[in-house]
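Trainee: make a model of this:
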Amino acid sequence: MDFRKFPNISVDCVVMGLDHTGLQLLLSKRTLHMYDDQYPVVDDWVLTGDHVFKSEKLDEAANRIFKLLTGLNTSYYRQFRAFGNPERIKNDRDLLWVKSLGVDTRTISVAYYFALPVEQVKTLAPHSAWYPIQDLPELGFDHREIIQSALLDIQEKVMNDPIIFEFLPDKFTLNELQHAYESILGVEIDNRNFRKKIIAKPYIVSINEKRIGTAKKPANLYMFSKDIFIKTSDKHQIINI
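Mentor: Purely as a prediction, here's the structure:
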């Protein structure tokens, strides 16, 4: 492995997770204090990223960053866009941060998003935290734009691609599935109509088990069958919300 890094090619990871409160985003704290009035204090949050090793594929870089952040070896991921605006690194804090790392101020970033249940992440890298995607802190660089682009891509795909199930445990209730759609799409869905449509899908399989151990009434559990989906789906739309 050649551990030298390209000074102007980076990978940024938009790690999105779902819990009972909604869609969450995993961010890393960015701090730098030069103790000199001519330099700004850097104290905000960013997506987790890194410059690419010279002998490393882009997917390998993304998975390396994801593992350092979450401790997990793998999860669903997708490369969705590159960001190379020459003015994407322009404010004083971002310029100071980049110069402190000794990399180019003109950097092209290849962005990936990861999708998983929050509960799957047992340990986090130091100085990282989950934030509700609708209530994000101050962000560095153009990372708010990257996050919005990732969310729009996911919102488009959940209608005709089974990515929604990446946010859920293997066994889920219909209420949990509805919550996932509502959290990602930012809409309210009629419960009765939703259940009727979902139960009619052959790839949403009842497993004759119930969710127990909660304050609510035990609910039937289901699983997503990828094999049945591939055989039966017309690939146009999973469900009409």
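Trainee: can we go C-alpha only for contacts and neighbour counts from here?
Mentor: Will do.
Trainee: helix, strand, or coil at the residue nearest to P137 when sequence neighbours are not counted?
Mentor: Counting by C-alpha to C-alpha, 6 or more residues apart in numbering, the nearest residue to P137 once its immediate chain neighbours are dropped is W45, at 6.8 Å. Following DSSP: H, G, I helix; E, B strand; the rest coil, the label given to W45 is strand.
Trainee: ok, W45 - contacts?
Mentor: Counting by C-alpha atoms under 8 Å, 6 or more residues apart in numbering, W45 makes contact with L27, S28, K29, R30, P137, E138, L139, G140.
Trainee: ok, the fourth one to R93 distance?
Mentor: The reference is to R30. Counting by C-alpha to C-alpha, to the nearest Å, the gap from R30 to R93 is 10 Å.
Trainee: T31 belongs to a strand, doesn't it?
Mentor: Yes: assessed with three-state DSSP, T31 lies in a strand.
Trainee: that one reaches P40, doesn't it?
Mentor: No: look at T31 against P40 with C-alpha atoms under 8 Å: they stay out of range, at 10.8 Å.
Trainee: now stretch 201-218: average pLDDT?
Mentor: On average, the pLDDT along stretch 201-218 is 81.
Trainee: so where is this structure shaky, pLDDT-wise?
Mentor: For the chain, applying pLDDT under 70 flags the ranges 213-216, 233-241.
Trainee: mind giving me the domain split of it?
Mentor: 5-157, 171-232 (automatic domain parsing).
Trainee: re earlier: quick one: which of T31 and P40 has more around it?
Mentor: Higher neighbour count among T31 and P40: P40, with 16 against 13, using other C-alpha atoms under 10 Å.
Trainee: need the contact list for the more buried one.
Mentor: Contacts of P40 by C-alpha under 8 Å, 6+ apart are H33, M34, D92, R93, L96.
Trainee: of these, grab the buried ones for PyMOL.
Mentor: Per 16 or more other C-alpha atoms under 10 Å, the buried members of the contacts of P40 correspond to this PyMOL selection:
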select buried, resi 93+96
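Trainee: now intersect the contacts of P40 with the helices, please.
Mentor: The helices, defined by DSSP state H, take in D92, R93, L96 from the contacts of P40.
Trainee: give me the three-state assignment for F66.
Mentor: Applying three-state DSSP: F66 is helix.
Trainee: how many neighbours does V205 have?
Mentor: 17.
Trainee: and it, how far is that from N73?
Mentor: Here V205 is placed at a distance of 28 Å from N73 (C-alpha to C-alpha).
Trainee: same deal with S109?
Mentor: S109 is 22 Å from N73, where distance means C-alpha to C-alpha.
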